[in-house]
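[1] Sharing a model prediction with you, sequence too.
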Amino acid sequence: MARGDARIEHLLRRAGFGATEDELKAYSHLGYAGALDRLLNYESVADTVDTHIGEPGYVGITARGQFLPNTVIADSRQRWLFRMVHSQRPLQEKMTLFWHNHFATAYSKVAGVYGSDIGARMMAAKESEDGGRVQGQLEMLRDNALGNFRDMLVAIAKDPAMLVWLDGRLNTRTRPQENFGRELMELFSIGVEYYTEPDVYAAARVFTGWNLRRNTGADGAAKYDFFYDAAQHDTAAKTFSFPIYSDGNKTIPTRSAADGMQDGLDLIDAVARHFATPRRLARRLFAFFISELEEPSENFLQRISGVYYSARYDMGAVLRAVLTSPEFESTSSYYARYSWPVEFVVRAIKEVGWVGFSVNDTLTPLSNMGQQLYEPPDVNGWEPAKGWFSTGGSLARMNFASTLATNQRFALRDDARIANKTPESVVSWALLRLTPAPMERGPVASLESYANAGISNWTGSDAQLLLKAPGLVHLIAGSSEYQLV
């Protein structure tokens with residue numbers, strides 16, 4: 001049951017986090033093509049969402065003293081959730097979440113090395129608001145959300161949080177550290193089938209000297225910046241099992257230490273160019289934006305790979321091809337993905353309401369559902385699809401639906417007055433208010449039974465609506481159909 005244009009609802013669930021009724025009206029006014037263009041060309045939309053944190057009319061935040069999202073990770077999580085709920089650039093936030101999982105980096109290790117304040121800055125600091133001009137990893141990913149993939153690989157190789165997470169800060173010529181080189185190939189680009197163990201050691205040597213250096217920012221506080229330490233670079237030649245250069249040459253030549261940083265850039269160029277990289281990205285984008293219930297076809301992989309190369313690795317062009325593909329637009333892809341916990345929570349807030357509610361109240365439920373922002377479990381990121389739905393995770397979703405519906409009960413009562421003629425009309429209202437996957441007659445009948453239960457004479461009074469409207473919203477948001485996007 002759709003509130004408006006089903007195509008636009010599908011687009012906003014996948015290229016964003018769902019939509020409020022007002023947002024749906026605004027996008028519907030643009031038409032499908034206009035809505036898609038607005039989502040993809042988000043840089044034409046002012047990014048002012050953070051200025052509204054703490055203002056009336058927006059979902060709340062909970063400050064412990066000052067609200068410090070650059071240095072307190074709980075506040076960083078709140079700021080990102082606030083952005084997901086209210087950003088006028090929803091696709092930018094959705095792609096930031098995609099990259100956060102693709103380049104999985106956990107705050108806990110970074111903070112364990114340098115302390116909680118520096119850890120939060122490395123992960124989440126907004127450069128324009130940070131006295132030391134630190135840009136956190138997430139802000140870098142957001143800035144590059146639809147940028148050039150090769151450039152993103154260079155940025156992630158230099159990223160301070162990544163240099164801690166994968167131990168690049170310890171990579172020296174006498175003790176090459178293999179973690180980043182391995183994950184650059186296995187997880188970030190070509191995939192496990194296309195490199196060998198000797199390639200891992202060669203890649204470690206390539207990145208020797210890509211380290212961190214402690215500096216003092218303009219605010220007087222310590223910070224850590226990327227630093228190429230020529231004295232720690234292995235200058236010898238490195239040979240790989242796959243071509244490094246466009247002429248087929250597989251060997252990075254001997255270079256002086258001063259020029260040794262080019263070794264890493266050459267390897268990044270090679271994996272960005274490798275035939276397996278766009279295919280791997282296409283598979284991940286297919287699962288994230290189109291379907292987890294089927295595999296992408298060979299035709300899809302070839303089409304997306306072709307765009308990747310013709311656009312010189314531009315992810316904006318790649319994502320436009322994904323979102324305009326017949327696979328994305330097919331009705332068979334509607335509700336063919338399992339919502340990540342953060343998608344479930346943000347969509348529920350947007351559809352149910354947020355008056356008097358704080359995103360801080362989502363942090364523990366999200367953790368119980370299996371997802372804590374800035375804390376993927378390991379280098380592989382979160383396990384998507386059915387992996388989210390453990391017994392505890394499913395119960396946490398039901399409990400959150402109950403908490404949110406109870407919190408919004410008075411607003412839900414007021415909004416349900418337009419449908420107060422019968423219990424069944426209130427059920428129809430609730431199904432339109434939320435956007436579950438189409439329900440069969442059995443589940444709808446169960447909702448109608450709930451709406452009728454305990455009421456001998458339905459009058460549609462405020463007391464009856466206060467009892468039933470939040471309960472219906474709770475049951476729908478906690479239903480199996482609502483866990484699909």
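    Here it is on my side, so go on. All figures in this text were calculated on a predicted structure; none of them were measured in a lab. Residues are numbered from 1 along each chain as shown.

[2] so where is this protein shaky, pLDDT-wise?
    Scanning the chain for pLDDT under 70 picks out 1-2.

[3] which residues of it fall in strands?
    210-216, 222-228, 238-239, 251-252 (DSSP state E).

[4] Nearest residue to the middle of the chain?
    With distances taken as CA atoms, centre = their mean, residue 97 lies nearest the centre of the chain, 1.3 Å away.

[5] How much space separates the residue nearest to that residue when sequence neighbours are not counted from residue 434?
    With CB to CB, 6 or more residues apart in numbering as the criterion, residue 97 has its nearest non-adjacent residue at 6.9 Å, and that residue is residue 342. (Glycine included, C-beta is placed from N, CA and C.) Note on residue 342: its distance to residue 434, by CB to CB, to the nearest Å, is 17 Å.

[6] Can I get the longest helix seen in the chain in CSV, CA atoms only?
    As assigned by DSSP state H, the longest helix anywhere in the chain is helix 21-40. Extracted in CSV, the C-alpha atoms of helix 21-40 (Å, rounded to 0.1, in the frame of the first residue of the first chain):
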residue,chain,number,x,y,z
GLU,A,21,4.9,12.7,4.2
ASP,A,22,6.2,16.2,3.4
GLU,A,23,9.4,14.9,1.8
LEU,A,24,7.4,12.5,-0.3
LYS,A,25,5.2,15.3,-1.5
ALA,A,26,8.2,17.4,-2.4
TYR,A,27,9.9,14.6,-4.4
SER,A,28,6.6,13.6,-6.0
HIS,A,29,6.1,17.1,-7.2
LEU,A,30,9.4,16.8,-9.1
GLY,A,31,8.3,13.6,-10.9
TYR,A,32,10.4,10.4,-10.9
ALA,A,33,13.2,11.7,-13.2
GLY,A,34,13.4,15.0,-11.3
ALA,A,35,13.5,13.2,-7.9
LEU,A,36,16.3,11.0,-9.2
ASP,A,37,18.3,14.0,-10.5
ARG,A,38,17.9,15.8,-7.2
LEU,A,39,19.2,12.8,-5.2
LEU,A,40,22.2,12.3,-7.5
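
[7] Show me how far it is from its chain's centre.
    In terms of CA atoms, centre = their mean, to the nearest Å, the centre of helix 21-40 is set 21 Å apart from its chain centre.

[8] just stretch 221-241 next, same as before
    Worked out by CA atoms, centre = their mean, stretch 221-241 lies 30 Å from the chain centre.

[9] can you tell me the distance between the two ends of it?
    For stretch 221-241, the separation between the terminal residues is 45 Å (CA to CA, to the nearest Å).

[10] What of stretch 454-469?
    Using CA to CA, the two ends of stretch 454-469 sit 14 Å apart.

[11] got the contact list for that stretch?
    Stretch 454-469 is touched from outside by 409-410, 412-413, 415-417, 420-423, 426, 429-430, 450-452, with contacts defined as CB atoms under 8 Å, 6 or more residues apart in numbering.

[12] repeat that for 10 Å
    405, 408-417, 419-427, 429-430, 433, 447, 450-453 (CB atoms under 10 Å, 6 or more residues apart in numbering).

[13] who's in contact with residue 89?
    For residue 89, the contacting residues are 16, 38-39, 41-47, 49, 83, 95-96, 142, 145, by CB under 10 Å, 6+ apart.

[14] my guess is residue 136 meets residue 160, correct?
    Yes: counting by CB atoms under 10 Å, residue 136 touches residue 160, with 8.8 Å between them.

[15] hey, what's in contact with both of the two?
    With CB under 10 Å, 6+ apart, residue 136 and residue 160 have common neighbours 121, 122, 123.

[16] Leaving out chain neighbours, which residue sits closest to the second one?
    Looking back up the chat, that one is residue 122. Excluding the flanking residues, the one nearest residue 122 by CB to CB, 6+ apart is residue 161, at 4.1 Å.

[17] Tell me how far the one you found lies from residue 134.
    10 Å.

[18] Pull up the overlap in contacts between those two.
    Taking CB under 10 Å, 6+ apart as the contact rule, residue 161 and residue 134 both touch 118, 121, 122, 124, 224.

[19] ok now do the second one, which residues does it touch?
    Residue 121 makes contacts with 70-71, 73, 76, 110, 114-115, 130, 132, 134-136, 160-161, 217, 221-224, as judged by CB under 10 Å, 6+ apart.

[20] first vs last residue of stretch 177-191, how far apart are they?
    19 Å.

[21] Go ahead and confirm residue 276 touches residue 189.
    Yes: in this structure, residue 276 is within contact of residue 189 by CB under 10 Å, at 7.7 Å.

[22] overlap in contacts of those two?
    In contact with both residue 276 and residue 189: residue 195, using CB under 10 Å, 6+ apart.

[23] Looking at the two, which is more packed in?
    residue 189 (25 against 17; other CB atoms under 10 Å).

[24] how close does that one sit to residue 195?
    9 Å.

[25] which residues are common contacts for the two?
    Between them, residue 189 and residue 195 share the contacting residues 271, 274, 276, judged by CB under 10 Å, 6+ apart.

[26] Endpoints of stretch 6-26, how far apart?
    14 Å.

[27] any idea how far that stretch is from the chain center?
    Relative to the centre of its chain, stretch 6-26 is centred 17 Å away, using CA atoms, centre = their mean.

[28] re earlier: out of the shared contacts of residue 189 and residue 195, which are inside helices?
    Short answer: those in helices (DSSP H) are 271, 276.

[29] would you turn the shared contacts of residue 189 and residue 195 into TSV with distance to residue 473?
    Listed next are the shared contacts of residue 189 and residue 195 as TSV, based on distance: CB to CB, whole Å:
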residue	distance to residue 473
271	47
274	48
276	46
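
[30] of all the shared contacts of residue 189 and residue 195, which comes closest to residue 360?
    Taking CB to CB as the measure, residue 360 lies nearest residue 271 of the shared contacts of residue 189 and residue 195, at 39.9 Å.

[31] can you count the residues close to the closest one?
    By other CB under 10 Å, neighbour count at residue 271 equals 23.

[32] Alright, I will stop here.
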